[in-house]
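Q: Structure of the sequence below:
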Amino acid sequence: MFRFCSYFLIVSVLAAEPAAEPADWIWSARFVITENPQHRVIENGAVAIRAGRIVGVGTKAEIDARFRAKRRLDRPDAILAPGLINTHTHAAMSLFRGIADDLKLEDWLEKYIFPAEARNVSPEFVRWGTRLGCLEMLLGGTTTFTDMYYFEDVVAEVAKEAGMRGVLGETIIGFPVADNQTPAAALAFTEKYLARFRGDPLVVAAVAPHALYTNSDETLRASRALADKYHAPLIIHLAETKKENDDSLAARHMTPTQVLDSLGVFSGRTIAAHCVWVNDRDMAILKARGVGVAHCPSSNMKLASGVAPVVRMLALDLAVGLGPDGPAGSNNDFNLFEEMDLAAKLQKVATMDPQALPASAALEMATIRGARALGLEKEIGSLEEGKRADLITVRLDRPNAVPLYDAVSQMVYALKAEDVRDVMVDGRMVVRDARILTLHAPQILEKAAEYRAKIQASLK
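A: Sure, this is the predicted structure:
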């Protein structure tokens, strides 16, 4: 009788224990920076992933007790964090890296970049330039990029090849360029592009009128209408330089922000890059219209464009993300660790207040607030159950990473892009042990050297 009761008790207890949930992956690390609404940092934490989504976040003990995974990645000397989000760049311009430095924006564009593009940009140029850009971004922990360039359908193809998430805008501009000779042709091209990638799991196709000063009012209105037709975002450069602002005030007695608002450009989902020369009324418009702002500190500093009033934007709770811009003359890399560091320091020195933009705010701009700027905060930007599995590990076993007192501060002020060890996008591992798994790095570097020779010869 005793044996039977003991056996029955054991079976009953085992039957009462919940079965472990299946997972495709469990990633664990010394610290997990969640960027959830409580900004929780979990020591000895872990994340469970299933079917491309996060299904559990907690301590390693909690996750191990709840899940059984097919595969594991244990990094006891690393930070596990959301993938970084680049809210403004021109990826294919990686092939123009360093072609013309230390110039004003207008001189850089008109004397160097526009001529170089006219002589060199083609679908294959864009393909290899974007591959080079994606290679650099993924190795540096960027899992989502926001792009504006020509032949954006090719950019989208490469993003998918690399396994990278992208909000990718086809450029519409008021003069002949590599892919389209007129704004009307560019709008027609863009519509085909939007239709092709509608509903894609990685690519959000977008409409990208270059700027107020390079497009007519008619083209800007048509761009907004096209974006609305496909429920797509619109990407535009806005108020980047004092000249742009002064010219608009002289011609229309309105700032660029006020002009675009009067044209209805902000009536739908919009991402505005730079926003350096914006006043209180402009920021109120951006807030009221829900415009996402892409702050590009390296670019604004390198071109001496000015200092965007980011502290005031954040006080209004604007959705401000970070972007490296370039690379070419406005910035020569895609390094979001650098942008976090500079964003914080630039606001400190501009306001003469060391607390103006703390490390926590800079990291938020590179993750969940950047996701808000893109309208993707329900899907990416933080490590929370139900979100897409876009995550990175960053090494803590190098001289620049020790000692560690605060994981968030370390991410912003001490760690570097080259400290990124592993990258996952949409549940797929794309970088492991700092090696790219989706692109052929030696071939990309070889092609970059070939294009350098061609570009240099074309400018003679």
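Q: drop to CA atoms for contacts and neighbour counts, all remaining ones
A: Noted.
Q: ok, the closest residue to R97 other than its chain neighbours - contacts?
A: Spatial nearest neighbour of R97, excluding adjacent residues (C-alpha to C-alpha, 6 or more residues apart in numbering): A328 at 4.2 Å. Residues near A328 by C-alpha atoms under 8 Å, 6 or more residues apart in numbering: 93-101.
Q: what about A328, helix or strand, and which?
A: Assigned by DSSP states H and E, A328 belongs to no helix or strand.
Q: Repeat that for the one 3 residues further on.
A: According to DSSP H and E, N331 maps onto no helix or strand at all.
Q: returning to that earlier point: need the per-residue pLDDT for the residue nearest to R97.
A: A328 is assigned a predicted lDDT (pLDDT) of 76.
Q: Could you check stretch 401-421 and say which residues are buried?
A: By neighbour count on 16 or more other C-alpha atoms under 10 Å, the buried set for stretch 401-421 is 401, 407-417, 419-421.
Q: Give me the secondary structure label for I271.
A: With DSSP: H, G, I helix; E, B strand; the rest coil as the basis, the three-state label of I271 is strand.
Q: What's the local residue count around it?
A: 28 (other C-alpha atoms under 10 Å).
Q: Go ahead and confirm it touches R372.
A: No: taking C-alpha atoms under 8 Å as the definition, I271 is not a contact partner of R372, at 10.1 Å.
Q: what residues are shared contacts of the two?
A: Common contacts of I271 and R372, defined by C-alpha under 8 Å, 6+ apart, comprise G292.
Q: Quickly find the element holding I26.
A: Taking DSSP H and E as the definition, I26 sits inside strand 21-33.
Q: so what does the helix or strand just after that strand touch, helix or strand wise?
A: Using DSSP H and E, the helix or strand that follows strand 21-33 in sequence is strand 41-50. Contacts defined by 3 or more C-alpha pairs under 8 Å, 6 or more residues apart in numbering; DSSP states H and E place strand 41-50 against strand 21-33, strand 53-59, helix 60-66, strand 67-82.
Q: partners of the longest one, with directions?
A: Spelled out, that is strand 67-82. When pairs are called by DSSP bridges, strand 67-82 turns out to pair with strand 21-33 (parallel), strand 391-395 (antiparallel).
Q: Identify, out of those, the most deeply packed stretch.
A: Of those, the one with the most neighbours on average (mean count of other C-alpha atoms under 10 Å) is strand 391-395, at a mean of 28.
Q: and that one with strand 41-50, angle?
A: 140 degrees (axes from the mean of the first three to the mean of the last three C-alpha atoms, to 10 degrees).
Q: related to what we said a few turns ago, to E170, which of the helices and strands packed on strand 41-50 lies closest?
A: Among the helices and strands packed on strand 41-50, strand 67-82 comes nearest to E170, with 27.1 Å by C-alpha to C-alpha.
Q: Show me the contact partners of whichever helix or strand comes after that closest one.
A: Once the chain leaves strand 67-82, the next helix or strand it forms, by DSSP H and E, is strand 84-89. For strand 84-89, contacts defined as C-alpha under 8 Å, 6+ apart pick out 141-148, 273, 294-296, 321-327, 334, 336, 366-367, 370-371, 373-374, 381.
Q: how about 7 Å then?
A: 141-148, 273, 294, 321-326, 366-367, 370-371 (C-alpha atoms under 7 Å, 6 or more residues apart in numbering).
Q: before we move on, what about stretch 407-425?
A: Residues outside stretch 407-425 that contact it (C-alpha under 7 Å, 6+ apart) are 139-141, 143, 163-164, 335, 337, 340-341, 359-360, 363, 389-395, 400-401, 404, 429-434.
Q: CA atoms only: put the strand holding I26 into CSV for me.
A: Provided in CSV are the C-alpha atoms of strand 21-33 (Å, rounded to 0.1, in the frame of the first residue of the first chain):
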residue,chain,number,x,y,z
GLU,A,21,7.4,25.3,-24.0
PRO,A,22,9.3,24.7,-27.2
ALA,A,23,11.6,27.3,-28.5
ASP,A,24,13.9,27.5,-31.6
TRP,A,25,16.6,29.4,-29.6
ILE,A,26,17.5,30.5,-26.2
TRP,A,27,20.1,33.3,-26.0
SER,A,28,21.5,34.2,-22.6
ALA,A,29,24.1,36.8,-21.5
ARG,A,30,25.5,38.5,-18.4
PHE,A,31,23.1,41.4,-18.9
VAL,A,32,19.9,41.7,-21.0
ILE,A,33,19.0,45.3,-21.9
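Q: what's the angle between that strand and strand 53-59?
A: Using the same axes, to 10 degrees: strand 21-33 against strand 53-59 is 60 degrees.
Q: roughly how far out does strand 21-33 sit from the chain middle?
A: On the basis of C-alpha atoms, centre = their mean, to the nearest Å, strand 21-33 sits 23 Å off its chain's mean C-alpha point.
Q: Same question for stretch 350-370.
A: Worked out by C-alpha atoms, centre = their mean, stretch 350-370 lies 16 Å from the chain centre.
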